[in-house]
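# Build me a model:
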Amino acid sequence: MTEHSRLIKVGRVVPWVGFRTLLYKEVMRFWKVSFQTVMAPVLNAVLFLLIFSHVLDRHVTVYGDIGYTAFLVPGLVMMSLLQNAFANSSSSLIQSKITGNIIFVMLPPLSYREFYAAYVIASILRGLFVGVGVLLVSVPFVELHMAYPLWVLMFAVLGGAILGSLGVIAGIWADKFDQLAAFQNFLIMPLTMLSGVFYSIHSLPQVWQDVSHANPFFFMIDGFRYGFFGQSDVSPWLSLGVVSICFVLLAAITLAMLARGYKLRA
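Prediction:
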């Protein structure tokens, strides 16, 4: 029996064995260097928290009675989660393409749906680890209560899935690291930083409020923040609808790219 036939047989005996193996590989890839992939982003968020809370906490309140530090923490948690979910899938794919070991992922009898699910779920997990880390280190700074924990979890998972999908798209599209850096610096970073992490959009002139409504990252962060305070800049149901549509569209685009083997198959 050939090795290929043996793998197919094993895949039939143990459902989703390829998916589980790839998922394990992707999780261990970031976990073995967790000081860099988890702790460093947490430290970065803490620096934001130290600077902004010290300068603005006594001078700014949001939604009438919420202190600025309390308002800031959920935004930093979600920002860190989104950026690291993107970084996980995009960096993994571009490294595999440049070193040539992507062939070891493409050769086994692994469907493109399993390929997509493994990379995106690993991205969600890394994002959640970082988000929880940021939330834990914020405890000495502010006392937070989750008004609606299910909303928090729902937006965290959907946000991680969206950025994980974007990371797969960027990793497939890019041929070298500077192309990936351009994708992150000129798309992901501006959309994240201008999404209401550090401010309520109601403090902006009307024209910039309208511009913010065109940014899907705003809805991710605003919906996530609603889970903590029960208050938000727009209806949480609107945010959920926008985020869900974005995920479905990006998942469809990513799966179509994988099904065609775009830039992955010679």
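# from here on, contacts and neighbour counts on C-alpha atoms
OK.
# Angles on the backbone of G67, please.
phi -60, psi 160 (degrees, to the nearest 10).
# Let me know the secondary structure of M146.
coil (DSSP: H, G, I helix; E, B strand; the rest coil).
# State the number of residues packed around L128.
By the criterion of other C-alpha atoms under 10 Å, L128 has 24 neighbours.
# Ignoring the adjacent residues along the chain, who's closest to it?
L81 (6.1 Å; C-alpha to C-alpha, 6 or more residues apart in numbering).
# shouldn't the one you found be in contact with V134?
No. The criterion here is C-alpha atoms under 8 Å, and L81 misses it with V134 at 9.1 Å.
# Comparing these two, which shows the higher neighbour count?
L81 (31 against 27).
# Mind telling me what element the more buried one is part of?
When elements are assigned from DSSP states H and E, L81 belongs to helix 68-99.
# in that helix, what's buried?
68-95, 97 (16 or more other C-alpha atoms under 10 Å).
# tell me what that helix is packed against?
Packing partners of helix 68-99 (3 or more C-alpha pairs under 8 Å, 6 or more residues apart in numbering; DSSP states H and E): helix 40-56, strand 61-62, helix 112-137, helix 149-173, helix 177-183, helix 189-193, helix 216-229.
# now the ones you listed in CSV, with mean pLDDT?
Converted to CSV, those look like this (pLDDT from 0 to 100):
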stretch, mean pLDDT
helix 40-56, 83
strand 61-62, 64
helix 112-137, 95
helix 149-173, 96
helix 177-183, 92
helix 189-193, 89
helix 216-229, 94
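# These: which one's closest to F247?
helix 149-173 (5.2 Å; C-alpha to C-alpha).
# ok and the closest one relative to helix 216-229, angle-wise?
160 degrees (axes from the mean of the first three to the mean of the last three C-alpha atoms, to 10 degrees).
# Give the buried residues for helix 149-173.
In helix 149-173, counting by 16+ other C-alpha under 10 Å, buried: 151-152, 154-173.
# Now find how far off-centre it is within its chain.
4 Å (C-alpha atoms, centre = their mean, to the nearest Å).
# What of stretch 115-125?
Relative to its parent chain, stretch 115-125 has a centroid offset of 10 Å by C-alpha atoms, centre = their mean.
# ditto for stretch 219-230
15 Å.
# Renumber starting at 17 from here on
Will do, 17 is the new start, and the previous item becomes stretch 235-246.
# Other residues contacting that stretch?
87, 90-91, 94-95, 160-168, 171-172, 175, 211-213, 229, 247-250, 252, 255-256, 258-259 (C-alpha atoms under 8 Å, 6 or more residues apart in numbering).
# 7 Å - rerun?
Contact with stretch 235-246 is made by 90-91, 94, 161-165, 167-168, 171-172, 175, 213, 248-249, 252, 255-256, 258-259, as judged by C-alpha atoms under 7 Å, 6 or more residues apart in numbering.
# If you drop the residues flanking it in sequence, what lies closest to S112?
I118 (4.7 Å).
# Got phi/psi on the one you found?
Here I118 shows phi and psi, under degrees, to the nearest 10, equal to phi -60, psi -20.
# Could you report the distance from the residue nearest to L144 to I118?
Distance, L97 to I118, by C-alpha to C-alpha, to the nearest Å: 26 Å.
# before we move on, what about Q222?
48 Å.
# For the two, work out which one has more neighbours and name it.
I118 (17 against 11).
# and the closest residue to P165 other than its chain neighbours, how many neighbours does it have?
What sits nearest to P165 in space, not counting adjacent residues and going by C-alpha to C-alpha, 6+ apart, is G243, at 5.9 Å. Using other C-alpha under 10 Å, G243 has 23 neighbouring residues.
# Next: F202.
For F202, using other C-alpha under 10 Å, the count is 10.
# What pLDDT is listed against it?
F202 carries a pLDDT score of 92 in this model.
# For it, what are phi and psi?
phi -100, psi -10.
# can you tell me how far it sits from L196?
10 Å.
# what's the answer for A133, then?
Relative to L196, and taking C-alpha to C-alpha, A133 is found at 21 Å.
# now do Y242
32 Å.
# So for the two, which residue has more residues nearby?
Regarding Y242 and L196, a neighbour count based on other C-alpha under 10 Å identifies Y242 as having more, with 24 against 20.
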